[in-house]
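1. coords please:
(chains A, B, C, D, E and F)
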Number of protein chains: 6
Amino acid sequence: MSQPAESWLPTLQTANAQAGYELAVKLGRLAVKLTQPSADVRDQLRPDYDHSSAQLIAVAQVVATNFQTIAAANNYWRG
Amino acid sequence: MSQPAESWLPTLQTANAQAGYELAVKLGRLAVKLTQPSADVRDQLRPDYDHSSAQLIAVAQVVATNFQTIAAANNYWRG
Amino acid sequence: MSQPAESWLPTLQTANAQAGYELAVKLGRLAVKLTQPSADVRDQLRPDYDHSSAQLIAVAQVVATNFQTIAAANNYWRG
Amino acid sequence: MSQPAESWLPTLQTANAQAGYELAVKLGRLAVKLTQPSADVRDQLRPDYDHSSAQLIAVAQVVATNFQTIAAANNYWRG
Amino acid sequence: MSQPAESWLPTLQTANAQAGYELAVKLGRLAVKLTQPSADVRDQLRPDYDHSSAQLIAVAQVVATNFQTIAAANNYWRG
Amino acid sequence: MSQPAESWLPTLQTANAQAGYELAVKLGRLAVKLTQPSADVRDQLRPDYDHSSAQLIAVAQVVATNFQTIAAANNYWRG
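-> As a prediction, the model looks like this:
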């Protein structure tokens, strides 16, 4: 997934809540990539979930869980 | 989803618990929008989940998770 | 869901654990109401979930998640 | 579910971890009772979930979530 | 499940992370045992979940949730 | 799963967020291994979940939950 010299998750700190939310989305995708490394297979699966309301809701659950982590890591971007 | 100059998630701070709950609902929808950007497809999927008790419960689970984050971010709107 | 002058979630503070648990149940229902505003449709869906053990368990999961939030908001009604 | 004078959830404090775990099991059942008040219906549903590995796992998920709350409420019964 | 004199969950404190993880696995099984006390039925259900990837993932979710609790109870075995 | 002298989970501390995420993936797999010890059966199940978008999302949920624990254990790799 990465060349030795680059990191795909260098930090959980983000500039603001929106960037944190985007990172939460990315984190969910990372788990899928690490479990199914084939981009071809992942592309074939895309219509299965982006045209299924049940699976889109499940994606939102993963994002919500990752956003909890990232928000806590950033002290909720308070102050 | 947004023009460069506008933010769709500027802060997790809300005036009160009710506004926090509404933000939790919005957060869940954001994940769906970022995964399925087509408003047409999302509109077609709506009857699939808003007429399914199982999916409505799954939506409530996503909202509950996001509300945890937002409530913590606001110190539970205590005192 | 509400007249402008009234709030449907004024606070997370409750007098005791039992009242907190009841609020957790209410919070789960709020998410459903905000997603499916039609009381008629919700009434039609009721037998789907209150006669399904799988869906009742899913409801209990939502309540458990909301109760975490409310219990934390009340410092677990300690002391 | 209760006579006015009695409480079905007086406290989250328990003497030890085991009593806390038992309370977590009880909490999950409370949500089901509040959603499906009929003991007859609940009894009819019992074989659906206690002979289904998938539903027993879902029950364990609810208990795990409630146990998180109760364990935190008791400072994990440390010391 | 236990003789009066013995406890099946005496403490959440463990010597290290690995023992904590093993306790998390045990906690998940406890919920199943308390819900389905018959060892015969549980044995009959075993192939249903240990040959189902979906159910094994659900088991992993339960373990992850219980491990959160145990890890917090042990201050993450830091230092 | 291990020889007496080796530990398969010596610590939750990792050098950085990426290593923490990789540990979260490993933790999810540990639960599956402890529940289904046969590597042959697990190998047979692999196409069931790595070609199913729904199950890949469920895997991502497990990873997200474990990552919460690990990130907290590492104080979110702040500073």
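2. buried residues in the helix or strand containing residue A:41?
-> Here residue A:41 is covered by helix A:39-50, with elements defined by DSSP states H and E. If you call a residue buried by 16 or more other Cβ atoms under 10 Å in any protein chain shown, then helix A:39-50 has these buried ones: A:42, A:45, A:49, A:50. The C-beta positions use only the backbone N, C-alpha and C, and glycine is treated the same way.
3. which of these lies closest to residue F:9?
-> Set against residue F:9, the nearest of the buried residues of helix A:39-50 by Cβ to Cβ is residue A:42 (29.2 Å).
4. measure the closest one to residue F:51 for me?
-> Here the criterion is Cβ to Cβ, to the nearest Å. By it, residue A:42 lies 10 Å from residue F:51.
5. which neighbours do these two share?
-> residue A:36 (Cβ atoms under 8 Å, 6 or more residues apart in numbering or on different chains).
6. related to what we said a few turns ago, reformat the buried residues of helix A:39-50 as JSON lines; add pLDDT.
-> JSON lines is the format used below for these (pLDDT from 0 to 100):
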{"residue": "A:42", "pLDDT": "98"}
{"residue": "A:45", "pLDDT": "98"}
{"residue": "A:49", "pLDDT": "97"}
{"residue": "A:50", "pLDDT": "97"}
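7. average model confidence for stretch A:58-68?
-> The average of the pLDDT scores along stretch A:58-68 is 98.
8. does chain C sit close to that stretch?
-> No. Stretch A:58-68 lies out of reach of chain C by Cβ under 8 Å from any Cβ of the partner chain, never closer than 10.1 Å.
9. that stretch: which residues count as buried?
-> By neighbour count, with 16+ other Cβ under 10 Å as the criterion, the buried positions of stretch A:58-68 are A:58, A:59, A:60, A:61, A:62, A:63, A:64, A:65, A:66, A:67, A:68.
10. wait, does it contact chain E?
-> No. Counting by Cβ under 8 Å from any Cβ, chain E is not contacted by stretch A:58-68; separation bottoms out at 10.1 Å.
11. the longest helix seen in chain A packs against which elements?
-> If you go by DSSP state H, chain A has its longest helix at helix A:53-73. In this structure, helix A:53-73 packs against helix A:17-35, helix A:39-50, helix B:17-35, helix B:39-50, helix B:53-73, helix F:53-73, with contacts taken as 3 or more Cβ pairs under 8 Å, 6 or more residues apart in numbering or on different chains; DSSP states H and E.
12. and the angle for that helix with helix A:17-35?
-> The directions of helix A:53-73 and helix A:17-35 differ by 120 degrees, with axes from the mean of the first three to the mean of the last three Cα atoms, to 10 degrees as the criterion.
13. alpha carbons of helix A:53-73, in PDB - could you do that?
-> Once non-C-alpha atoms are left out, helix A:53-73 reads as follows in PDB (Å, rounded to 0.1, in the frame of the first residue of the first chain):
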ATOM      1  CA  SER A  53     -28.900   2.000   1.600                       C
ATOM      2  CA  ALA A  54     -28.200  -0.700   4.300                       C
ATOM      3  CA  GLN A  55     -24.500  -0.800   3.300                       C
ATOM      4  CA  LEU A  56     -24.200   3.000   3.100                       C
ATOM      5  CA  ILE A  57     -25.600   3.200   6.600                       C
ATOM      6  CA  ALA A  58     -23.000   0.600   7.700                       C
ATOM      7  CA  VAL A  59     -20.300   2.800   6.100                       C
ATOM      8  CA  ALA A  60     -21.600   5.800   8.100                       C
ATOM      9  CA  GLN A  61     -21.300   3.700  11.300                       C
ATOM     10  CA  VAL A  62     -17.700   3.000  10.600                       C
ATOM     11  CA  VAL A  63     -17.000   6.600   9.900                       C
ATOM     12  CA  ALA A  64     -18.800   7.600  13.100                       C
ATOM     13  CA  THR A  65     -16.600   5.300  15.100                       C
ATOM     14  CA  ASN A  66     -13.400   6.600  13.500                       C
ATOM     15  CA  PHE A  67     -14.500  10.100  13.900                       C
ATOM     16  CA  GLN A  68     -14.900   9.500  17.700                       C
ATOM     17  CA  THR A  69     -11.300   8.600  17.800                       C
ATOM     18  CA  ILE A  70     -10.100  11.500  15.700                       C
ATOM     19  CA  ALA A  71     -12.200  14.000  17.500                       C
ATOM     20  CA  ALA A  72     -10.900  12.900  20.900                       C
ATOM     21  CA  ALA A  73      -7.300  13.000  19.500                       C
END
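14. any regions of chain A where pLDDT drops low?
-> A:1-5 (pLDDT under 70).
15. so which bits of it are right by chain B?
-> When proximity is defined by Cβ under 8 Å from any Cβ, chain A lies next to chain B at A:16-18, A:21-22, A:25, A:49-54, A:56-61, A:63-65, A:67-68, A:71-72, A:76-78.
16. quick revisit: relative to helix B:39-50, how tilted is the longest helix of chain A?
-> Taking the same axes, to 10 degrees, one finds that helix A:53-73 is oriented at 100 degrees with respect to helix B:39-50.
17. for the nearest residue to residue A:63 once chain neighbours are set aside, the count of nearby residues, please.
-> Using Cβ to Cβ, 6 or more residues apart in numbering or on different chains and skipping residues adjacent in sequence, the residue nearest residue A:63 is residue B:31, 4.0 Å away. Burial measure for residue B:31: 25 neighbouring residues, criterion other Cβ atoms under 10 Å in any protein chain shown.
18. contact partners for residue B:31?
-> Taking Cβ under 8 Å, 6+ apart as the contact definition, residue B:31 lies against A:25, A:56, A:59, A:60, A:63, A:64, B:62.
19. residues of chain A that sit close to chain F?
-> Proximity of chain A to chain F (Cβ under 8 Å from any Cβ) is limited to residues A:7-13, A:27-32, A:34-36, A:41, A:45-46, A:48-49, A:52, A:54-55, A:58-59, A:61-62, A:65-66, A:68-69, A:72-73.
20. quick one, phi/psi of residue A:36?
-> Main-chain dihedrals, residue A:36, degrees, to the nearest 10: phi -130, psi 90.
21. for residue A:37, same thing?
-> According to degrees, to the nearest 10, the main-chain angles of residue A:37 amount to phi -70, psi -20.
22. for burial, what's the neighbour tally of it?
-> Residue A:37: 11 surrounding residues under other Cβ under 10 Å.
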